[in-house]
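J.: I'd like to go over a predicted model; first the sequence, then the structure.
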Amino acid sequence: MTIEIRPITQAEAVEYLRVLPYVNGFPQEEPEPAAWYAGRAAWSPQRPATAAEVERYAEDLLGEGFRPQAAFVDGKIAGGSAIVAVELTLPGGRQVPMGGVTATAVLPTYRRRGLLRRIMGAMLDDCRERGEFVAGLSASEATIYGRYGFAPATFADRWEVRRTDVAFSRPHDDPGALELVDAATASAVWPVLHERARAVRVGEISPLPGKWSSLDELPADGSGRAHHLIHRDAADEVDGAAIFRLPWSPDPEYAGELQVEAFEALTYDAYRALWGLLLDFDLTKRVVAGRRPVDEPLRWMLTNSRALKLTRTRDNLWLRILDVQRALEARTYAATDTLVLEIDGQAWQLEAGPDGAVCNPTSQDADVSLTVNELGSLYLGGVPATSFQYAGRLQEHTGGAVTRLDALLRPDRAPYNAVGF
């Protein structure tokens, strides 16, 4: 058996695509309710692509920013994945290049042969060569990617609330106005909102081209067409938007459900006004929202905080730190301190503060020891170092060092990414 890992050519694009679940119709998500999905299905249904669709996909496959790698076994493509070029917002607001791992699959008849490990190695090497010191992905299964150094860095909630249980604790006099708009208007609004949000939101990602170009398409899960709601401030500028659906169900248990597919608010007024309407929409009885931040403020705006019922929390963005020195120097920190971190056997002295950091290899004894996996979860502040300490995955060699590390990494808000790739 001869195995070769390399980028594909245009002539190989169709064969490459037929390996991928979104083309061949194989499952691409674990069979559990998804935190990123407001629908009732365990994972959104996927039909195999038609021959004409595959040909159309192949025409645009090798565009700018998409870097596929394939595993050829005896000359035939047996597995593949790709890197998409995106940006990640770090603590301090710096937006850095990130290699986004996507469209990963190995044909069932070629499993357990080490193909994915070799594909992943080639892609991460490509990221390093291009100067990307961090890679990211969204994991279809939680047990696969830790072996390659990835770890959960952001998380998302799926929650629901019954309309009859909703009452806001304080009245709101909105200086702006809400408006239902068509898909074309929404498609123009969302990129602007997202750019403003990701400038300040730790963990947010730049959108792929065409992210909001098909807002009028009907989804395959039968949830019906999207409705688009925007909020304008007193100066008539859009500062918030929501995409929601009102799926019909023959089952009275699920009838009258409003599903929030996307939500963005840049101000308190926009946030309060948008949720005020969505949670009190006529002839509905339940609101379900997916891919929401784990520190959702809405719960604390209600007189009954228990009304907002969490139905699932799941990891969202996984990170793999490819260059420890550059990564630790790229972000800012919540305190001023100096620590020696031993990461996979290499000691690094980190001199950190609110204005940035200097990180260099050192021969000094470590204050804390960890692996690149734990570093990926700690990097944006999404997981406390103390959690890994209590889990036995991080070792403290200097008393109080883990608490000091948490003080450095602590974010104002939980890191969150509203879009994926």
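T.: Here it is on my side, so go on.
J.: Could you tell me how far Leu258 is located from Lys211?
T.: Between Leu258 and Lys211 the computed distance is 23 Å (C-beta to C-beta, to the nearest Å). Yep, even glycine has a C-beta here, placed from its N, CA and C like the rest.
J.: These two: who's more crowded?
T.: Neighbours were counted for Leu258 and for Lys211 using other C-beta atoms under 10 Å; Leu258 has more, 22 against 16.
J.: State the number of residues packed around Pro361.
T.: Other residues near Pro361 number 11, with proximity taken as other C-beta under 10 Å.
J.: Let me see the contact set for it.
T.: With C-beta atoms under 8 Å, 6 or more residues apart in numbering as the criterion, the residues that contact Pro361 are Gln325, Gln346, Ala347, Trp348, Gln349.
J.: out of those, which are buried?
T.: Using 16 or more other C-beta atoms under 10 Å as the burial test, those include Gln325, Ala347, Trp348, Gln349 as buried.
J.: Give me the residues contacting stretch 276-294.
T.: So stretch 276-294 is in contact with 34-39, 155-164, 166, 168, 172, 178, 229, 242, 244, 246, 255-261, 263, 311, 313, 316, 413-414, 416, 418, going by C-beta under 8 Å, 6+ apart.
J.: Quote the end-to-end distance of that stretch.
T.: From its first residue to its last, stretch 276-294 covers 20 Å (C-alpha to C-alpha, to the nearest Å).
J.: now stretch 124-142
T.: Stretch 124-142 stretches 19 Å from its first residue to its last (C-alpha to C-alpha).
J.: same check, this time on stretch 205-217
T.: Start to finish, the residues bounding stretch 205-217 are 23 Å apart (C-alpha to C-alpha).
J.: And it, what's buried?
T.: Quick answer for stretch 205-217 (16+ other C-beta under 10 Å): Ile205, Ser206, Pro207, Leu208, Lys211, Trp212, Leu215.
J.: secondary structure class for the nearest residue to Ile144 once chain neighbours are set aside?
T.: Spatial nearest neighbour of Ile144, chain neighbours left out: Leu116 (7.7 Å); criterion: C-beta to C-beta, 6 or more residues apart in numbering. Three-state call for Leu116 (DSSP: H, G, I helix; E, B strand; the rest coil): helix.
J.: Surely Leu116 and Val101 touch.
T.: No: Leu116 lies out of contact with Val101 (C-beta atoms under 8 Å); the separation is 10.8 Å.
J.: Quick check: neighbours shared by those two?
T.: With C-beta under 8 Å, 6+ apart as the test, Leu116 and Val101 both reach Ser81.
J.: Look at the two and report which has more neighbours.
T.: Each of Leu116 and Val101 has its neighbours counted (other C-beta under 10 Å); Val101 has more, 26 against 22.
J.: Name every strand pairing with the helix or strand where that one lies and say which way it goes.
T.: Counting by DSSP states H and E, the element that carries Val101 is strand 95-106. Sheet partners assigned to strand 95-106 using DSSP bridges are listed as strand 76-89 (antiparallel), strand 134-137 (parallel).
J.: Please identify which helix or strand holds Glu195.
T.: Assigned by DSSP H and E, Glu195 falls in helix 183-198.
J.: so what does that helix touch, helix or strand wise?
T.: strand 227-232, strand 238-245, strand 257-265 (3 or more C-beta pairs under 8 Å, 6 or more residues apart in numbering; DSSP states H and E).
J.: buried set for it?
T.: Ala183, Thr185, Ala186, Ser187, Val189, Trp190, Leu193, His194, Ala197, Arg198.
J.: Next: stretch 104-120.
T.: Neighbour counts over stretch 104-120 (16+ other C-beta under 10 Å) mark Thr104, Ala105, Val106, Leu107, Tyr110, Arg113, Leu115, Leu116, Arg118, Ile119, Met120 as buried.
J.: can you check stretch 358-365 too?
T.: Those would be Cys359, for stretch 358-365 by 16+ other C-beta under 10 Å.
J.: for stretch 156-172, same thing?
T.: Residues of stretch 156-172 classed as buried under the neighbour-count rule (16+ other C-beta under 10 Å) are Ala156, Asp157, Arg158, Trp159, Glu160, Val161, Arg163, Val166.
J.: residues contacting the third one?
T.: Just to be clear, that refers to Arg158. Counting by C-beta under 8 Å, 6+ apart, the residues that Arg158 touches are 33-38, 288-292, 310-314.
J.: ChimeraX command for the buried members of those?
T.: Of the contacts of Arg158, the buried ones can be selected in ChimeraX as follows, counting by 16+ other C-beta under 10 Å:
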select :33,34,35,36,37,38,288,289,290,291,292,314
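J.: which among the contacts of Arg158 gets closest to Gln395?
T.: Thr313 (27.3 Å; C-beta to C-beta).
J.: which element is that closest one on?
T.: strand 309-315.
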